[in-house]
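Student: Let me see the structure of the following:
(chains A and B)
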Amino acid sequence: AQTVTQSQPEMSVQEAETVTLSCTYDTSENNYYLFWYKQPPSRQMILVIRQEAYKQQNATENRFSVNFQKAAKSFSLKISDSQLGDTAMYFCAFPNFGNEKLTFGTGTRLTIIP
Amino acid sequence: GAGVSQSPSNKVTEKGKDVELRCDPISGHTALYWYRQRLGQGLEFLIYFQGNSAPDKSGLPSDRFSAERTGESVSTLTIQRTQQEDSAVYLCASSRRDRAYNEQFFGPGTRLTVL
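Tutor: Numbering: from 1, shown residues only, chains lettered A, B, ... in the order given. Sure, this is the predicted structure:
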């Protein structure tokens, strides 16, 4: 069974600082995707970034980037120049082979302090 | 274009009553997923529909839970004889399933409270 672990229940940083959220996972698959989703207080889940396992280059989307370590099964999210609007729950997610249902971690509650 | 919509936004019911939750996926999305999110936790998969194929019901927690979808349109999640442990946010997601990666687009969820 696939598992996703997020070991940081809560984090807080000052506005404009950089923060890294950690995620580890377990799978027997070789080719797969990994996702980070953001869930603000509105409850709307929003895809932040995705990483393809067969690509060695780490994915980047503006201020968001990942550090993907396939051998270690680690997939951390770095947020640079953090903004107040980044305050949210962040979930790491792994799609099941076949039906693509997502297995989610328990989330990290991130608070950006003005 | 319009995103995934869900109704109602909030539902309060008494223990033992039946509830129906509705999901309108993005037009053209063949795949539809239901997830449950208990307070302070991640999302748990409930059920998956893909086109006209038989649904994957492997995540449904008990036979009190059921879901239907007509073609590639609206889906309804029904919980019979609700229990207090059913209190959670129920999220629906849809996707196109025509790309190498399967980006799921989520609705705003229905918060269910069972008294």
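Student: going forward, measure contacts between C-alpha atoms and count neighbours the same way
Tutor: Fine.
Student: Show the contacting residues for the residue most central in space within chain A.
Tutor: Nearest to the geometric centre of chain A sits A:W36, at 3.3 Å (C-alpha atoms, centre = their mean). Applying C-alpha atoms under 8 Å, 6 or more residues apart in numbering or on different chains to A:W36 gives the contacts A:47-50, A:77, A:90-93.
Student: I'd like a version of these in JSON lines, one that adds neighbour count as further columns.
Tutor: Converted to JSON lines, those look like this (neighbours: other C-alpha atoms under 10 Å in any protein chain shown):
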{"residue": "A:L47", "neighbour count": "17"}
{"residue": "A:V48", "neighbour count": "18"}
{"residue": "A:I49", "neighbour count": "19"}
{"residue": "A:R50", "neighbour count": "21"}
{"residue": "A:L77", "neighbour count": "23"}
{"residue": "A:Y90", "neighbour count": "28"}
{"residue": "A:F91", "neighbour count": "30"}
{"residue": "A:C92", "neighbour count": "31"}
{"residue": "A:A93", "neighbour count": "27"}
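Student: so which of the residues you listed are also by chain B?
Tutor: A:47, A:91 (C-alpha under 8 Å from any C-alpha of the partner chain).
Student: Next, format the contacts of A:W36 as CSV and append pLDDT and secondary structure.
Tutor: Compiled in CSV, the contacts of A:W36 are given as follows (pLDDT from 0 to 100; DSSP: H, G, I helix; E, B strand; the rest coil):
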residue, pLDDT, secondary structure
A:L47, 93, strand
A:V48, 96, strand
A:I49, 95, strand
A:R50, 93, strand
A:L77, 98, strand
A:Y90, 97, strand
A:F91, 96, strand
A:C92, 95, strand
A:A93, 92, strand
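Student: Who does A:V13 form a beta bridge with?
Tutor: A:I112 (DSSP bridges).
Student: which residues in the chain form strands?
Tutor: All of this is about chain A. A:3-5, A:10-14, A:19-21, A:24-26, A:33-39, A:46-52, A:60-61, A:64-69, A:74-79, A:88-95, A:102-104, A:108-113 (DSSP state E).
Student: looking at chain B here, not the other one
Tutor: According to DSSP E, the strands that chain B contains are B:5-7, B:10-13, B:19-24, B:31-37, B:43-50, B:65-69, B:75-79, B:88-95, B:105-106, B:110-114.
Student: In CSV: these, plus distance to A:V19, mean pLDDT and mean neighbour count.
Tutor: CSV is the format used below for the strands of chain B (distance: least, C-alpha to C-alpha, whole Å; pLDDT from 0 to 100; neighbours: other C-alpha atoms under 10 Å in any protein chain shown):
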stretch, distance to A:V19, mean pLDDT, mean neighbour count
strand B:5-7, 32, 96, 21
strand B:10-13, 33, 97, 14
strand B:19-24, 35, 97, 21
strand B:31-37, 25, 95, 24
strand B:43-50, 23, 93, 23
strand B:65-69, 40, 96, 18
strand B:75-79, 38, 98, 20
strand B:88-95, 28, 95, 26
strand B:105-106, 25, 93, 24
strand B:110-114, 30, 97, 21
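Student: Quick check: residues of chain A near chain B?
Tutor: A:33, A:42-47, A:91, A:99-107.
Student: Among the residues you listed, the buried ones, what's the ChimeraX command?
Tutor: Buried members of those can be picked out in ChimeraX with the line below, counting by 16 or more other C-alpha atoms under 10 Å in any protein chain shown:
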select /A:33,43,44,45,46,47,91,100,101,102,103,104,105,106,107
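Student: circling back: can you put the strands of chain A in CSV and add distance to B:L91?
Tutor: Listed next are these as CSV, based on distance: least, C-alpha to C-alpha, whole Å:
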stretch, distance to B:L91
strand A:3-5, 19
strand A:10-14, 23
strand A:19-21, 24
strand A:24-26, 23
strand A:33-39, 12
strand A:46-52, 12
strand A:60-61, 25
strand A:64-69, 25
strand A:74-79, 24
strand A:88-95, 14
strand A:102-104, 12
strand A:108-113, 19
